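In: model this:
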Amino acid sequence: MGIPKDRIIPLGKEDNFWTMGEGKGPCGPCTEIFYLQDHPDSDGDRWLEIWNLVFMEYSKNEREELTKLGRTCIDTGMGLERVTSVLQGKSNNFNIDLFEEIIAKCRIVLSLKRGNQSCPVNEMEELIGLRVISDHLRAASFLIADGVLPSNVGRGYILRRIIRRALRFSNKLGVSQPFLSDLYPALVEQMGDAYPELKSRGSVICEVLEAEETVFLKTLTQGLKILNQNFVSGSLKHEEGKEKELSPSLVFQLFDTYGFPTDLTTNIAGENGWTINEIAVKGLIEESKKASKATWKGSSNSGFPDELKSWKDSIGNSNFVGYDQSLHSKSHKGIEVKIVGIHRSNEATELSSDLPESPPSETQQLWISIDPCPFYGTSGGQLGDSGHLVFQNGVELAVKSAVKPYEGGIALQVVDTIEKIEGLFILGQLKENNQVKAFVNHLDRHHAAKNHTATHLLHSALRNVLGSYVRQAGSYVGPDRLRFDYTCKVAPTKEQLEIIQDQVMNSIEEDLPVGSEEMGRDEAMNSGAMSLFGEKYGERVRVIQVPGVSVELCGGTHVQRTSQIGAFKIISDKSVAAGIRRIEALTGRSALEWYTGQIKRIEHLADRLGVKPFQLEPVIEKIVSQKKCLEKDLENLQRKMSVQTKENSNRKKERVEGVMDNEFKTKVNMLIDLEEEESIDMMREQAINSANQEKDHNTFHVVISGSRVAIATHSTGLHAGKTIESLFKLIGDGRGGGSQSVSQGKLSSNFSIQLKVTKSFFGIQ
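Out: Below you'll find the model as predicted:
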């Protein structure tokens, strides 16, 4: 190649051997290409790596052992921006023209958001923040354009971490409101011509960015406050010479409750001289995941053995004929099919070996592939069909479900008694190439079709009422119900949900045709069909259209007309993740049964109250009013009893005295109960009663209970309200106030964390 030998420097494994981090995977020696710059970078280094070629020769296992790969390759990676920086004579990537414009716009946008306030950090820290935000905006925008949505799993979590890290830097630069969508046009201006999807999907990208910003900014301030409190309180308790480590439970709380990615907490902790125990935190997160697994696009209770994937090579794609409505009518007499594949699991073999001793009710599972196949395999959120197979000797086997072990393949999950299955094997009925009759459970199929078409109508109604930013983020479609996850900035109101439900019902009552057509993917997209983010589509796609309402790419089963859905009822709407909500709904007979159940409850309640159903409302209002009066009387009684009995009780309480370091040398009488939180009214009365009994008026009477505090005094020279404000200002947390003689307030956490500071404030040793 004509490269002088003195420019080729061989280095050892430590510098020139590429691996996938500490885990297992392919690896091999690498060659790095550097460019000697005219000017050093910010670290004083003139050498800039612009290219890395990895010779993939080995596979590394968990024990760091290397084995030769069957097939080797060269993984070549050129840093496009680094090469650009060389060509443009810049010292780093962020100084090239692509980034300069975005960074300049970012500075302007953040300045406008701050208003009259100046940037709270120095010039270098501001530049770092602007660079991070500009880079992360670009990464997040391209991920969203590719169909990724923020979530707590997989690539959605990568996106969430990128956006939230950008917001953390904007917070450091003095901005605590959404701004990324304001910066987005600068990205489009720089890259929109080369990547037209940034223009075509711009509105969706901005909506997703703003929704994620809105959700996280609500918790960012509170989470940072909790971290800072722990840094302060932890430093007071820290032993000299020991490493300062945040509690794993605190890191998990920030992750789970406040949406702080663990790497964000790690960075903030590191900036303050603290560390985290990553292994312990990961353990807590894994425990949480096991306790409540997040669902994506529905899930089937039955998995399938990995061996079924090999059918792709031996059997190929299944000939699915299940879209033919005539195959699923009540009068249909089954379809002749051929068995082309059978798989018996190890568990089934062990059970069959004990056949003589097995009770007739014991079941066995096996997997069958048939051609053609009328059973729909679980996919796109819709559960697979159930039904049965009838063999030539008249014996039936139950099909519990149908799954897709690979793209284009369908396997039937057969679960029946060992006696029947083993008998069919022995008689030669259950073997490949034999003919059987397949029957799909027509009722379950019909109910699932109702629910699937209803999800399309619901999706359309959500976008009409809440905004075009709403996107499907997962679903479950079964014969029993439907579940629809969707992106949402704020929770819909009760009135909005009623409008959404009415729009779906209107579409049902209009008896609209539900059309399906197969066409090229590009043709479908150009026709306005909605593709679902995160879905992978082939060159040929199926389009489901409800005229004037919905056009979506979908491979599921549907009704022929919307009136076949019958009825639609939303039974719940709740948050399942940051920016993601879930609607559960019923259709057809299930919806009618729900209404019937509600009517029966109303009739039963009316019967218990001895009135007619139409008389319930005024009777219940009267009962509620009486209940409120009784509760108030009870609270007053409890307050009086508590003041009388607890004054003399030493249970879990500490009474201390001190003298404040002020011009009056004010005495302090403090009662502390950290383990049980009283009502603020009771605490205020305790403080006032204590003040009434004190002869020396130059005294503050303080009651602390849990996270609450009450202060009382009879001195006209003291001010309880200003004192509590000064206390909270010193602590850096809490809200409260009051008059000259009495005040009250509350911290966001238990006073035990700030007790030392509080005692010191009141002159208590």
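
In: Could I get the contacting residues of the closest residue in space to residue 547 that isn't next to it in sequence?
Out: Spatial nearest neighbour of residue 547, excluding adjacent residues (Cβ to Cβ, 6 or more residues apart in numbering): residue 512 at 5.9 Å. Quick note: C-beta positions are derived from backbone N, CA and C, even for glycine. With contacts defined as Cβ atoms under 8 Å, 6 or more residues apart in numbering, residue 512 is in contact with 546-549, 561-562.

In: how about 7 Å then?
Out: Shown in contact with residue 512 (Cβ atoms under 7 Å, 6 or more residues apart in numbering): 546-547, 549, 561-562.

In: Buried subset of those residues as a ChimeraX selection?
Out: Buried residues among the contacts of residue 512 (16 or more other Cβ atoms under 10 Å), as a ChimeraX selection:
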select :546,549,562
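
In: can you tell me which of the contacts of residue 512 lies nearest to residue 103?
Out: residue 549 (44.5 Å; Cβ to Cβ).

In: pLDDT weak spots in the protein?
Out: By pLDDT under 70, the weakly predicted segments of the chain are 1, 22, 41-44, 234-242, 289-302, 345-361, 489, 532-536, 578, 642-652.

In: who does whichever helix in it runs longest touch, helix- and strand-wise?
Out: Looking across the chain with DSSP state H, the single longest helix is helix 202-237. Applying 3 or more Cβ pairs under 7 Å, 6 or more residues apart in numbering; DSSP states H and E, one finds that helix 202-237 makes contact with helix 123-145, helix 154-172, helix 180-191, helix 248-256.

In: what angle do the third one and helix 123-145 make?
Out: Taking axes from the mean of the first three to the mean of the last three Cα atoms, to 10 degrees, one finds helix 180-191 and helix 123-145 inclined to each other by 80 degrees.

In: Likewise for the shortest one?
Out: Angular relation of helix 248-256 and helix 123-145 on a 0 to 180 degree scale: 60 degrees, by the same axes, to 10 degrees.

In: Check what contacts helix 248-256 and list those residues.
Out: Contact with helix 248-256 is made by 223, 226, 230, 260-262, 265, 276-277, 280-281, 284-285, 288, as judged by Cβ under 7 Å, 6+ apart.

In: Ranking by neighbours, what's the top pick from those residues?
Out: residue 260 (26 neighbours; other Cβ atoms under 10 Å).

In: In three-state terms, label the closest residue in space to residue 521 that isn't next to it in sequence for me.
Out: Once flanking residues are discounted, residue 521 sits nearest to residue 541: 5.0 Å by Cβ to Cβ, 6+ apart. Three-state call for residue 541 (DSSP: H, G, I helix; E, B strand; the rest coil): strand.

In: start at 51 instead
Out: Renumbered: residue one is now 51, and that last one reads residue 591.

In: Tell me which residues touch residue 591, please.
Out: 569, 571, 574, 603.

In: Most neighbours out of those residues, which is it?
Out: residue 574 (22 neighbours).

In: one step back: so what sits opposite the residue nearest to residue 571 in the bridge?
Out: residue 569 (DSSP bridges).

In: Now do the residue nearest to residue 597 against residue 525, distance only.
Out: Distance, residue 562 to residue 525, using Cβ to Cβ, to the nearest Å: 21 Å.

In: Setting the sequence-adjacent residues aside, check what's closest to residue 218.
Out: Closest residue to residue 218 apart from its sequence neighbours, by Cβ to Cβ, 6+ apart: residue 314 at 5.9 Å.

In: With residue 107 instead?
Out: residue 78 (4.2 Å).

In: residue contacts, that neighbour?
Out: Residue 78 neighbours (Cβ under 7 Å, 6+ apart): 68, 104-108.

In: ditto for residue 574
Out: 591, 593, 603.

In: Quick check: the gap between the first one and residue 606.
Out: Using Cβ to Cβ, we find residue 591 at a distance of 13 Å from residue 606.

In: Equivalent analysis for the second one, please.
Out: To residue 606, residue 593 is 12 Å away according to Cβ to Cβ.

In: what do you get for residue 367?
Out: For residue 367, the distance to residue 606 equals 18 Å [Cβ to Cβ].

In: Residue 208 now?
Out: 28 Å.

In: The two: who's more crowded?
Out: A direct count of neighbours by other Cβ under 10 Å for residue 208 and residue 606 places residue 606 higher, at 23 against 16.

In: Quick check: the more buried one is in a helix.
Out: No: according to three-state DSSP, residue 606 belongs to no helix; its state is coil.

In: The strand or helix carrying residue 742 packs against which elements?
Out: Here residue 742 is covered by helix 730-743, with elements defined by DSSP states H and E. Applying 3+ Cβ pairs under 7 Å, 6+ apart, one finds that helix 730-743 makes contact with helix 666-696, strand 749-755, strand 758-762, strand 792-796.

In: Single out the most deeply packed of those.
Out: Comparing these by mean neighbour count (mean count of other Cβ atoms under 10 Å), strand 758-762 comes out on top with a mean of 27.
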